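**Student:** Predicted coordinates and the sequence they were generated for:
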Number of protein chains: 2
Amino acid sequence: MKRIIGIDPGLLHTGWAVIESAGVSRKYVASGVILPKKNQELPARLAFIFEEVSKLCEGFKPDECSIEITFVNKNPKTTLILGHARAAAMVAIAAKEIPIFEYEPNKIKKAIACAGHADKDQIYKMVKMLLPLSNPKTADESDAIAIALAHSNMTKFI
Amino acid sequence: MKRIIGIDPGLLHTGWAVIESAGVSRKYVASGVILPKKNQELPARLAFIFEEVSKLCEGFKPDECSIEITFVNKNPKTTLILGHARAAAMVAIAAKEIPIFEYEPNKIKKAIACAGHADKDQIYKMVKMLLPLSNPKTADESDAIAIALAHSNMTKFI
């Protein structure tokens, strides 16, 4: 059995999810969203993401972490900011020596919804179907569960 | 008197410098370069930058931090990676509640060399002139000293 933490990073909302994976069985443990205060400057927001992810690692003691690879999108400025948020979360995980596995967004979608271009609604529905006990309230949370599930599906844990 | 840490972030080399600033006087304290191992993956490199910057903060106890604002350059992929390294350093500083001041690259150059488009060699020469006791061995180190000096020149410390 392995405990996996999935992270969907963002400066405004960082989704997270913890699941357990053993053979073909998957168990939902917990999920949520880290919300830095909107009036805070970049360094304070990054520190908040780092501290919250550190607390999650201390509380849930995941064995492995799954995170999306960020691609340069139409707005390189947004990508740059996303990279900052992603790094803040990654540093928290890597500082605790938890192995991090990075997946391309379409590989995550394919592993969950069998379609590399599945939209957020499809992902949400698949997450609910695969883990009926999860009840994601936002797309960030449902994406984080999908990221954790994708890693468990692409790796065999006994 | 204030102690300032200047950071010039990068995934391959992160330059750092500590100076003291009081009125018009500036004193060189220390500088160097953080070099993550080349064969390491992204999470390990980010964790290394975070840990080394954390140690610098514990050792030198800076009052404030000065760092360049990253702009999206010709290669958005490189910018994204630079953003990750920058965030790893910023998280280390912000987690210790040290205020971070961000400056545009041309403002730093202007504050040091009186020219917004000064090249690395000009910056190096100005750093040597302003702080004769400093002996930067690389451009990353000399840039980090310049970043710290720029902050001290743009702020009045008594």
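**Tutor:** Yep, that arrived. Residues are numbered from 1 along each chain as shown, chains lettered A, B, ... in the order given.
**Student:** which regions of chain A lie under the pLDDT threshold?
**Tutor:** Scanning chain A with the threshold set as pLDDT under 70 gives A:116, A:156-158.
**Student:** How about the residues of it by chain B?
**Tutor:** By Cβ under 8 Å from any Cβ of the partner chain, the residues of chain A that approach chain B are A:42-44, A:46-47, A:50-51, A:70, A:72, A:76-77, A:79-81, A:83-88, A:90-91, A:93-95, A:100, A:102. For every residue, glycine as well, the C-beta is placed using N, CA and C.
**Student:** quick one: A:Ala94 is in a helix?
**Tutor:** Yes. Membership of A:Ala94 in a helix is supported by DSSP: H, G, I helix; E, B strand; the rest coil.
**Student:** what's it in contact with, if anything?
**Tutor:** Applying Cβ atoms under 8 Å, 6 or more residues apart in numbering or on different chains, we find A:Ala94 in contact with A:100, B:43-44, B:46-47, B:50.
**Student:** Can you tell me the closest non-neighbouring residue to A:Ile100?
**Tutor:** Closest residue to A:Ile100 apart from its sequence neighbours, by Cβ to Cβ, 6 or more residues apart in numbering or on different chains: B:Pro43 at 4.2 Å.
**Student:** What is the subsequent helix or strand relative to the strand or helix carrying that neighbour?
**Tutor:** Under the criterion of DSSP states H and E, B:Pro43 resides in helix B:42-60. Helices and strands here follow DSSP H and E; after helix B:42-60, the next one along the chain is strand B:64-68.
**Student:** From the chain's centroid, how far away is that next one?
**Tutor:** 6 Å (Cα atoms, centre = their mean, to the nearest Å).
**Student:** what angle sits between that strand and helix B:42-60?
**Tutor:** Orientation note: strand B:64-68 sits at an angle of 140 degrees relative to helix B:42-60 (axes from the mean of the first three to the mean of the last three Cα atoms, to 10 degrees).
**Student:** any idea how far A:Glu102 is from A:Glu68?
**Tutor:** Distance of A:Glu68 to A:Glu102, given as Cβ to Cβ, to the nearest Å: 7 Å.
**Student:** Does A:Lys109 touch A:Ala118 like I think?
**Tutor:** Yes. The pair A:Lys109 and A:Ala118 passes the contact test of Cβ atoms under 8 Å, sitting 4.4 Å apart.
**Student:** which one of these two has more residues nearby?
**Tutor:** A:Lys109 (23 against 19; other Cβ atoms under 10 Å in any protein chain shown).
**Student:** Name the residues of stretch A:110-127 that are buried.
**Tutor:** Neighbour-count burial for stretch A:110-127, counted by 16 or more other Cβ atoms under 10 Å in any protein chain shown, picks out A:110-113, A:118, A:122-124, A:126-127.
**Student:** ok, so of these, who is nearest A:Leu149?
**Tutor:** Proximity of the buried residues of stretch A:110-127 to A:Leu149 (Cβ to Cβ) peaks at A:Ile112, which lies at 5.8 Å.
**Student:** which stretch of helix or strand covers the closest one?
**Tutor:** A:Ile112 belongs to helix A:105-113, assigned by DSSP H and E.
**Student:** between that helix and strand A:64-68, how big is the angle?
**Tutor:** Using the same axes, to 10 degrees: helix A:105-113 against strand A:64-68 is 120 degrees.
**Student:** Does anything pack onto helix A:105-113? Which helices or strands?
**Tutor:** With contacts taken as 3 or more Cβ pairs under 8 Å, 6 or more residues apart in numbering or on different chains; DSSP states H and E, helix A:105-113 sits against helix A:120-130, helix A:139-154.
**Student:** Would you mind pulling up the elements that the shortest one packs against?
**Tutor:** Using 3+ Cβ pairs under 8 Å, 6+ apart as the contact criterion, the elements in contact with helix A:120-130 are helix A:105-113, helix A:139-154.
**Student:** A:Thr14 - nearest residue in space that isn't next to it in sequence?
**Tutor:** Closest residue in space to A:Thr14, ignoring its immediate chain neighbours: A:Ile34 at 4.1 Å, by Cβ to Cβ, 6+ apart.
**Student:** Distance check, the one you found against B:Ser21.
**Tutor:** Going from A:Ile34 to B:Ser21 by Cβ to Cβ gives 36 Å.
**Student:** can you check A:Ile4 too?
**Tutor:** Distance from A:Ile4 to B:Ser21, counting by Cβ to Cβ: 47 Å.
**Student:** Then A:Val18?
**Tutor:** Taken as Cβ to Cβ, the span from A:Val18 to B:Ser21 is 46 Å.
**Student:** Same question for A:Lys61.
**Tutor:** 44 Å.
**Student:** A:Val127 too?
**Tutor:** Remark: distance between A:Val127 and B:Ser21 (Cβ to Cβ) = 53 Å.
**Student:** A:Gly23 now?
**Tutor:** Using Cβ to Cβ, A:Gly23 is found at 61 Å from B:Ser21.
**Student:** Could you do A:Ala118 as well?
**Tutor:** As judged by Cβ to Cβ, A:Ala118 and B:Ser21 stand 54 Å apart.
**Student:** Many thanks, I have nothing further to ask.
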